[in-house]
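Student: A predicted structure for the sequence below; I have some questions about it.
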Amino acid sequence: MGAEAVTHHPAVLLVPFPAQGHVTPMLQLARALAAHGVAATVAVPDFIHRRISAGAGVALASIPSGIEDDGPGPDAAPGFAAIVHAMEHHMPAHLERMLESPPPPSRRGPAVACVVVDVLASWAVPVAARCGVPAAGFWPAMLASYRVVAAIPELIERGLISESGTPISSSESPDGDAMIRGLKILPAQVELRTGELPWLVGDPATQRSRFAFWLQTLHRARGFRWVLVNSFPGEAGADDVVSRLARQGPQVLPVGPALLSGGLSGAAAAERTKQQQQPPCGGNDKNPSMWRADSTCIGWLDAQRAGSVVYVSFGSWVGSIGPDKVRELALGLEATGRPFLWALKRDPSWRAGLPEGFAERAAAAGRGKVVDWAPQEDVLRHAAVGCYLTHCGWNSTLEAVRHGVRLLCYPVAGDQFINCAYITGPWGIGLRLAAGMTRGDVRDGVGRVMDEDGGEGRRLREKVRALRERVVAAEARRAADRSVGAFVDEIRRESHPLLMQIYSVL
Ligand SMILES: O=c1ccn([C@@H]2O[C@H](COP(=O)(O)OP(=O)(O)O[C@H]3O[C@H](CO)[C@@H](O)[C@H](O)[C@H]3O)[C@@H](O)[C@H]2O)c(=O)[nH]1
């Protein structure tokens, strides 16, 4: 059987975790790889495949998941347990068939030189190993949060957490909220409590199962030759973290600014950098969204004063903060007297807390707008937006930095506490709301972030603009581009004409 000649364009199959905050950066990574001559295919579960397009230069493949598509809005997204079940029990056989089936001659594609697996989609690592294809990890979040997860064995060994991930009280911290700073896992100026570790989500049973998920992920991550991280040089302590991790295992390659530039290299990146240095409102990057964004948002923003609007969103994949907090947030927004745009899922667990007639009242007064799903990148680049009240998801954080928007943080789960610690600590680009969030906290927090007279708001704005300059700077982009290039060179060297083949269309 004569295999079709393998060109010098190695084929890479990318497998994201199926949530918006993971699919978006994986598509950006695919574009960055394509810009380096890679034939990139992103393989997503069927229920996502139906909703998105990959963009020029990148192919999209569908993996049957066994998950029913329940509806058009973000409220219909499957939960963590359903996703894990599909990933562990339904999708592996399909991926294996994809990697192993000899394609018909008419649909033959190039050999798969590498499978790039979202660290949270570690189910694909054993599949790649069975098929003899090397695996690289992709961490779509900050390097620091990767480091905290990678430190789980150390945290257990030092007695800070139990074998099931629960924080342990000690004489130094009787409440069990010991600072992990002393372990130098994070830079000294970043404060994270053990109660804010990424697996402590939900009730104790959920926390234990999340921790078991992480242990399994860490075990499988040993199969990675490289880990590509969606970080950037402005991340305090990043160099130290990279060298610590390199001593432990896979080569860590920070590729963040390349993703921010949408996968451009060379002259194109330089041109984009010039555009980015214009005031916000300039760019035109598409954020491939799983749901249709409310098209009236931008017109509404056009009618608001520059820097006057509070944008509120808790991302795509965060459990509800509960009706009481939603209510306090709504009343707090009203109490600010400022216009607001709130992306709030139609899911009853989020909407139940809204005071009766809240959205209608705000709309009638021309003061506020509540939508299911906003065109977030376009919103954040709009001159009317002066503050983003955020859950601190990593993509949202990057997007706010990219467009120079100050943050008011209400982290809810996972890596969001770590991101928040950077935002409010070393970067100084936002403030944090108290966990007990009352309407007064919201009113005062928004007031402080947007205050121009007292200086606090001005200081935050200067800091976010300075960070933005560092992140979009040509040198930062070149560094990320070099990381992507080095990775592509390695897989190009290692790829072999007789490696497995995949369907070119799948
Ligand atoms: O109305 C909306 C709301 C969100 N978005 C987009 O959705 C993405 C949300 O991503 P992110 O801010 O990272 O939040 P999540 O989707 O909740 O992401 C999950 O994955 C991230 C990456 O691992 C983690 O940092 C988060 O904590 C985790 O909740 C961003 O690109 C937003 O622009 C919209 O387009 N419209």
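Tutor: Done, it's in. Nothing here was measured: the structure is a model prediction, and the numbers come from that model.
Student: where in the stretch 401-506 of the chain is pLDDT low?
Tutor: 496-506 (pLDDT under 70).
Student: what does it have sitting close to the ligand?
Tutor: With C-beta under 6 Å from any ligand atom as the criterion, the stretch 401-506 of the chain comes near the ligand at residues 414-416. Every residue, glycine included, has its C-beta placed from N, CA and C.
Student: any idea whether Ala136 is helix, strand or coil?
Tutor: With DSSP: H, G, I helix; E, B strand; the rest coil as the basis, Ala136 sits in strand.
Student: Let's see the pLDDT reported for it.
Tutor: pLDDT for Ala136: 97.
Student: For Ala128, see how far away it is.
Tutor: For Ala136, the distance to Ala128 (C-beta to C-beta, to the nearest Å) stands at 10 Å.
Student: Need the residues touching each of these two.
Tutor: 115, 117 (C-beta atoms under 8 Å, 6 or more residues apart in numbering).
Student: Counting by contacts, list what the longest helix seen in the chain packs against.
Tutor: Longest helix of the chain, by residue count under DSSP state H: helix 474-494. Other elements packing on helix 474-494 under the criterion 3 or more C-beta pairs under 8 Å, 6 or more residues apart in numbering; DSSP states H and E are helix 20-35, strand 108-118, strand 224-229, strand 251-254, helix 256-260, helix 266-276.
Student: Find the nearest non-adjacent residue to whichever residue of the stretch 101-250 of the chain sits closest to the ligand, please.
Tutor: Taking C-beta to the nearest ligand atom, the ligand has its nearest neighbour within the stretch 101-250 of the chain at Ala141, 4.1 Å off. Closest residue to Ala141 apart from its sequence neighbours, by C-beta to C-beta, 6 or more residues apart in numbering: Trp394 at 4.0 Å.
Student: Trp342 belongs to a helix, doesn't it?
Tutor: No. The assignment for Trp342, made by three-state DSSP, is strand rather than a helix.
Student: Could you find the closest non-adjacent residue to it?
Tutor: Nearest non-adjacent residue to Trp342 (C-beta to C-beta, 6+ apart): Val312, at 4.3 Å.
Student: what does Leu407 give?
Tutor: Gly430 (3.0 Å).
Student: and the end-to-end length of stretch 113-129?
Tutor: Length of stretch 113-129, first residue to last, C-alpha to C-alpha, to the nearest Å: 12 Å.
Student: mind checking how far it is from the chain centre?
Tutor: Distance, stretch centre to chain centre, for stretch 113-129: 18 Å (C-alpha atoms, centre = their mean, to the nearest Å).
Student: do the same with stretch 224-234
Tutor: Distance, centroid of stretch 224-234 to centroid of chain: 13 Å (C-alpha atoms, centre = their mean).
Student: close to the ligand, is it?
Tutor: No. Stretch 224-234 lies out of reach of the ligand by C-beta under 6 Å from any ligand atom, never closer than 7.9 Å.
Student: Dump the C-alpha coordinates for that stretch into PDB.
Tutor: What follows is stretch 224-234, C-alpha atoms only, in PDB (Å, rounded to 0.1, in the frame of the first residue of the first chain):
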ATOM      1  CA  PHE A 224       3.600  14.600  27.700                       C
ATOM      2  CA  ARG A 225       6.800  15.400  26.000                       C
ATOM      3  CA  TRP A 226       6.000  19.100  25.900                       C
ATOM      4  CA  VAL A 227       3.400  21.300  27.700                       C
ATOM      5  CA  LEU A 228       2.400  24.500  25.800                       C
ATOM      6  CA  VAL A 229       1.000  27.100  28.300                       C
ATOM      7  CA  ASN A 230      -1.200  30.000  27.400                       C
ATOM      8  CA  SER A 231       0.900  32.400  29.500                       C
ATOM      9  CA  PHE A 232       2.800  35.600  28.800                       C
ATOM     10  CA  PRO A 233       6.000  37.200  30.100                       C
ATOM     11  CA  GLY A 234       4.100  39.600  32.300                       C
END
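Student: where does the residue of the stretch 101-250 of the chain closest to the ligand land on pLDDT?
Tutor: Looking at Ala141, the pLDDT reads 93.
Student: What of Trp373?
Tutor: 94.
Student: The one 3 residues further on now?
Tutor: pLDDT, the model's per-residue confidence, is 96 for Gln376.
Student: got the contact list for the residue of the stretch 101-250 of the chain closest to the ligand?
Tutor: 230, 394, 415, 419.
Student: next one: phi and psi at the third one?
Tutor: Pointing back at Asp415 there. With angles defined as degrees, to the nearest 10, Asp415 sits at phi -70, psi 0.
Student: picking up where we left off before, how near is the residue nearest to Ala141 to the ligand?
Tutor: 3 Å (C-beta to the nearest ligand atom, to the nearest Å).
Student: burial of that residue, as a residue count?
Tutor: 24 (other C-beta atoms under 10 Å).
Student: next one: Gly66
Tutor: Neighbours of Gly66 using other C-beta under 10 Å come to 14.
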